[in-house]
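# Sharing a model that was predicted from the sequence below.
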Amino acid sequence: MSSSTLLSVFVRLKLSLLRNGLRQSTGRTAAFVTSIVLAVLVAAFQLLGLVLLRGNEYAEAVVVPLTALLALGWAVMPLFFSGGDETLDPTRLAMLPLRPRRLVVALLSASLVGIAPVFTLTLLLGAVIAVAHGAAAAAVAVLALPLALLTCVALARAVATANVRLLTSRRGRDLALLSGLLIAIGAQVVNLGVQKLSEPDGLSVLEPAAEVLRWLPPAAAVGAVRAVSDGAYALALAQFALSCAALAGTLWWWQRSLHRLMISPDASTLQSAAGPDAAARGGSGSGSGRRGLAALLPGGRTGAVIVRTLRYAWRDPKTKVGWASSLGIGVLLPVVFAVQGNGSAYNACWAAGMLGILMYNQFGQDHSGFWLVASTVASPRDAYVELRGRMLAIALVAVPYVTTVSVVSVLLLGSWSVLPEVLGLSLGLLGVLLATGVYSSTYFAYSIPQDSGKNVAPGQGSLAYLSIFGGMLAGAVACAPLLAVTVWLHMSGAHGALWVVLPLGAAYGAGVCALVLRLVAPRTADRLPEILAAVSRG
């Protein structure tokens with residue numbers, strides 16, 4: 001098969017995959033058409049804005065970071081959205097009689113078909129138009145445009161091929177679940193950036209970044225166009241050569257990864273080849289006890305519960321998303337408010353609130369596997385230790401996290417004097433929410449389906465709302481004494497004594513946790529059948 005015929009086959013294959021995917025449902029077709037319309041509108045406005053930027057002294061400071069940001073997006077896109085393009089998995093083509101070099105060329109051509117390449121091409125076109133002045137610069141722009149586009153696409157393919165084992169595994173699917181959180185955080189970062197750029201002479205803040213990024217491909221290709229416009233031909237040659245070398249290196253990395261993937265055995269083959277002796281050795285090693293940081297945890301059931309809870313937080317997809325969302329939002333909101341200029345040091349309490357609600361519906365996270373826990377709880381003391389271990393697992397992460405967010409908040413606002421009271425209130429709120437979470441987990445447990453996109457089993461929605469919002473309301477009421485002390489110290493003018501809020505808040509939070517554990521543990525031991533029935537639904 002000739003090279004041209006092979007290219008046409010892969011392009012037609014990509015078009016067939018797109019067409020057959022749209023035939024699966026009307027909703028998918030509507031979503032695809034909507035995405036096309038939105039992408040075209042955004043690209044058109046971006047192109048217009050970049051063209052209007054032509055002749056501006058800060059044009060290079062805008063288009064060079066923009067090109068680098070596009071390349072970064074292409075590099076990370078396969079890690080989060082690999083399921084959207086079946087051709088990102090080269091193992092589907094392993095049985096074809098094609099050498100990796102020809103396969104790379106064919107796949108690269110097929111990758112140019114789609115919404116993302118057209119969108120990228122439009123933005124790159126606006127970027128080179130904004131900095132190209134003169135016939136020589138226009139000629140270089142004609143070469144720089146496809147060079148930058150091919151580098152972006154090849155980078156995405158190389159990353160996908162190098163990580164294909166990860167992307168097709170459970171960890172890859174877990175990683176994809178985090179994409180929504182990262183997009184939300186990225187949107188806030190972009191929002192802050194736009195606000196900074198909208199200020200007078202705001203584009204000047206991009207110049208230091210552009211000075212560095214102009215030497216990083218594919219932004220270096222756009223920088224070469226601007227260098228030719230300024231008459232710096234030696235600089236342009238160096239930047240263009242660097243971009244060409246980067247494309248060649250990316251293609252070589254892609255080819256090597258593809259070759260290694262095609263000839264290497266998969267995990268199941270390696271496991272069977274290892275034999276039972278290796279499995280026995282691995283099994284005996286894993287049971288030798290806790291190692292690393294886990295060895296510092298207390299022994300007995302408490303340490304085992306802490307380790308199990310943290311492992312669930314790392315391995316279970318929905319639990320991982322909950323933890324990641326709480327950690328991300330807990331630090332994002334105080335930082336965003338502080339950067340926008342309307343922040344308060346007390347916004348650090350968001351971190352305590354987001355981490356505290358992780359204690360809610362603890363048993364529902366186990367789903368039907370809760371029967372293993374229930375079978376080991378034979379007395380109120382066992383229930384007490386189980387609840388205490390889950391609480392300590394969250395506190396082990398939450399206490400240093402809340403402390404760090406509080407310090408960062410007062411650092412951004414320059415109000416170090418309020419750190420003791422802010423940290424004291426945060427620790428008190430954290431303790432209260434952990435305590436109300438124990439109560440909520442016992443009396444308002446609900447199921448979290450494992451094989452569904454829903455976080456609540458059908459028929460338990462009201463129970464979930466009552467558990468979360470009722471618990472948060474009770475937590476706010478329980479924090480009233482600590483808050484009243486803080487307000488009284490402010491109103492009475494005893495600002496020098498506000499430092500006592502820190503030890504008082506820590507002691508108050510710990511005391512409430514200990515009291516609620518003592519009161520709720522016996523009821524938890526009595527309600528195990530009801531809890532198991534509630535969390536096993538769906």
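Yep, it's here.

# separation between residue 402 and residue 516?
According to C-beta to C-beta, to the nearest Å, residue 402 and residue 516 sit 19 Å apart. Bear in mind the C-beta positions are built from the backbone N, C-alpha and C, glycine included.

# Of those two, which one has the most company?
residue 402 (27 against 22; other C-beta atoms under 10 Å).

# Might one say that the more buried one is in contact with residue 430?
Yes: using C-beta atoms under 8 Å, residue 402 is in contact with residue 430, at 5.9 Å.

# any weak-confidence spans in this protein?
1-3, 21-22, 24-25, 27-28, 79-96, 165-205, 263-294, 340-342, 450-454, 538 (pLDDT under 70).

# in the helix or strand hosting residue 390, what counts as buried?
Using DSSP states H and E, residue 390 sits in helix 380-413. By 16 or more other C-beta atoms under 10 Å, the buried positions in helix 380-413 come out as 380, 382-395, 397-399, 401-403, 405-406, 408-410, 413.

# same check, this time on stretch 467-486
Across stretch 467-486, burial judged by 16+ other C-beta under 10 Å covers 467, 468, 470, 471, 472, 474, 475, 478, 479, 482, 485, 486.

# Please tell me how far the first one sits from residue 393.
Relative to residue 393, residue 467 is positioned 19 Å away (C-beta to C-beta).

# Name the nearest residue to residue 468, ignoring sequence neighbours.
Spatially, and ignoring its direct neighbours in sequence, residue 468 is nearest to residue 360 (5.7 Å; C-beta to C-beta, 6 or more residues apart in numbering).

# tell me the contacts of the one you found?
436, 437, 440, 441, 467, 468, 471 (C-beta atoms under 8 Å, 6 or more residues apart in numbering).

# what's the closest of the residues you listed to residue 505?
residue 436 (16.2 Å; C-beta to C-beta).

# Could you report the neighbour count for the closest one?
27.

# For residue 30, the count of nearby residues, please.
Residue 30: 11 neighbours (other C-beta under 10 Å).

# just checking, what packs against the helix or strand harbouring it?
Residue 30 belongs to helix 26-52 when assigned by DSSP H and E. Other helices and strands packing on helix 26-52, by 3 or more C-beta pairs under 8 Å, 6 or more residues apart in numbering; DSSP states H and E, are helix 3-22, helix 115-131.

# The chain - how does it break down into domains?
What automatic domain parsing lists as the domains of the chain is 3-264, 300-535.

# looking at these, which is buried most?
domain 300-535 (a mean of 19; mean count of other C-beta atoms under 10 Å).

# What's the end-to-end length of that one?
Length of domain 300-535, first residue to last, C-alpha to C-alpha, to the nearest Å: 26 Å.

# What of stretch 130-141?
11 Å.

# contact partners of that stretch?
50-51, 53-54, 56, 59-60, 62-63, 128-129, 222, 224-226, 228-229, 236, 240.

# Go through the contacts of residue 360 and name the one nearest residue 23.
Nearest member of the contacts of residue 360 to residue 23, counting by C-beta to C-beta, is residue 468, at 40.6 Å.

# pretty sure that closest one is touching residue 357, no?
Yes: Residue 468 lies in contact with residue 357 (C-beta under 8 Å); the separation is 6.6 Å.

# Residue 371: what's it in contact with?
532, 536.

# try it again with 6 Å
By C-beta atoms under 6 Å, 6 or more residues apart in numbering, residue 371 lies in contact with residue 532.

# Residue 377 versus that one, what's the distance?
11 Å.

# what does residue 423 give?
Distance of residue 423 to residue 377, computed by C-beta to C-beta: 35 Å.

# Not counting sequence-adjacent ones, nearest residue to residue 246?
residue 217 (3.4 Å).

# cool, residue 63 as well?
Going by C-beta to C-beta, 6+ apart, residue 63 has residue 127 as its nearest residue, at 3.9 Å.

# how much space between that neighbour and residue 146?
For residue 127, the distance to residue 146 - C-beta to C-beta - is 13 Å.

# Residue 346 now?
Relative to residue 146, and taking C-beta to C-beta, residue 346 is found at 53 Å.

# pretty sure residue 391 is touching residue 435, no?
No: counting by C-beta atoms under 6 Å, residue 391 stays clear of residue 435, with 8.3 Å between them.

# In strands, which of the contacts of stretch 130-141 appear?
Counted as lying in strands by DSSP state E, out of the contacts of stretch 130-141, is not a single one.

# Could you list which of these belong to helices?
50-51, 59-60, 62-63, 128-129, 222, 224-226, 228-229, 236, 240 (DSSP state H).

# Which members of the residues you listed define the maximum pairwise distance?
Maximum pairwise distance among those (C-beta to C-beta): 22.9 Å, between 51 and 240.

# element containing residue 256, please.
Going by DSSP H and E, residue 256 is part of helix 233-263.
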